[in-house]
Structures are given as C-alpha cells and as structure tokens.
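Undergrad: any chance you could fold what I've pasted below:
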Amino acid sequence: MAIIKTVRGHKPVFGKDCFLADNAVVVGEVTMGDSCTVWFNAVVRGDVHSISIGDRTNIQDGAIIHCTYQKAKTIIGSQVSIAHQAVVHGCTIRDNVLIGMGAIIMDNAVIGENSVIAAGAVVLPGTHVEPGSIYAGIPARKVKDIGNEMKDVIQRTAANYPMYATWYKE
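TA: Modelled structure (predicted):
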C-alpha cells in the first residue's frame, strides 16, 4: 500500500480515480486532480511547500516531485507525463507536457504548454521554456518546435497511464 502521510497538518488530497503504486510516497501539502497516477518508487513530497497537480497527470517510476522551503512551490498542469527518474523541483509545468526520463527541472523554471523536455535534460533555475517547443541538453536549450507527431505522443502517453493503472486493479 502506498505511503500517504500528513506533514505539518497538511494531508494529501486526491481527485477521483487516482492510482498510487504500492510503494509510491505522497506526503504533505499535495493536491492531485482526477485520474492521476503515481508509480513505483515515485515520491511526491509536499513537506516544505505546496504541490498541485492537474488531471490525468502521471508520475512514473522513481520520479521525485519536491519544492523549496518558503520559496518555490511546485505546480504541475493536466495531461503531464513525468517519466522515470525525473526530478521536478519548485517549478511550474503547464498542461500537455512530457518530461523525459532522468530530466531535471529546477526551481522557478516554467515549462510552457505543449512542450517536451528531452531525456536527461537539465532545466536550470528560472528558465522559461517556450510553449510548443522541445528543449534538450545540459543546460537545456531549445532544439526545435514541437511537431504533430510529438503532440500525439504527449496526448497518447497521458491517456495510456490511467489505462495502465486499471491493469493493477484486477
């Protein structure tokens, strides 16, 4: 069963039809929308500031979502996919975004809607990622505008994770 803890008087709040893997951790001031999924070994730690997550967002295996004490909360939109081992810290991620495996998004960065952060990319503090773009590298820089194929990948990934969660309810 997932670890869900109240911290400093804040208890996580979940929307309808959320899935938490057996060893997922969600603690503190966390608000999650409908049909979200938090996968194995993922941590959503709202102990030092708030974390809000929209609808149909998936936080994949080993990802870490955190914030900075009294300085940087984390806001994640709807239909966001945060891939395996990614770190999202004290930043804002708009709707319809794909964060690649092992990517790091640092404090006060803003990821524009309909964007992709490539696997292994490091988005430095305060970076503003243009909507509809793909950023890659260390530090992350714009490599191109997003095409229709990538838009389909973002939508399909966000749609598939709630379906995958049903496999674990059998």
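
Undergrad: count the neighbours of residue 134 for me.
TA: By other CB atoms under 10 Å, the residues close to residue 134 number 21. In short, each C-beta sits where N, CA and C put it, glycine included.

Undergrad: can you tell me which strand in the chain is longest?
TA: Across the chain, the strand with the greatest residue count (assigned by DSSP state E) is strand 43-53.

Undergrad: quick check: buried residues in that strand?
TA: Of the residues in strand 43-53, those buried under the neighbour-count criterion (16 or more other CB atoms under 10 Å) are 43-49, 51-53.

Undergrad: any chance of the residues you listed in TSV with pLDDT as columns?
TA: TSV is the format used below for the buried residues of strand 43-53 (pLDDT from 0 to 100):
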residue	pLDDT
43	98
44	98
45	98
46	98
47	98
48	97
49	98
51	98
52	98
53	98
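
Undergrad: which one among those gets closest to residue 78?
TA: Minimum separation from residue 78 among these (CB to CB) is found for residue 53, which lies at 8.5 Å.
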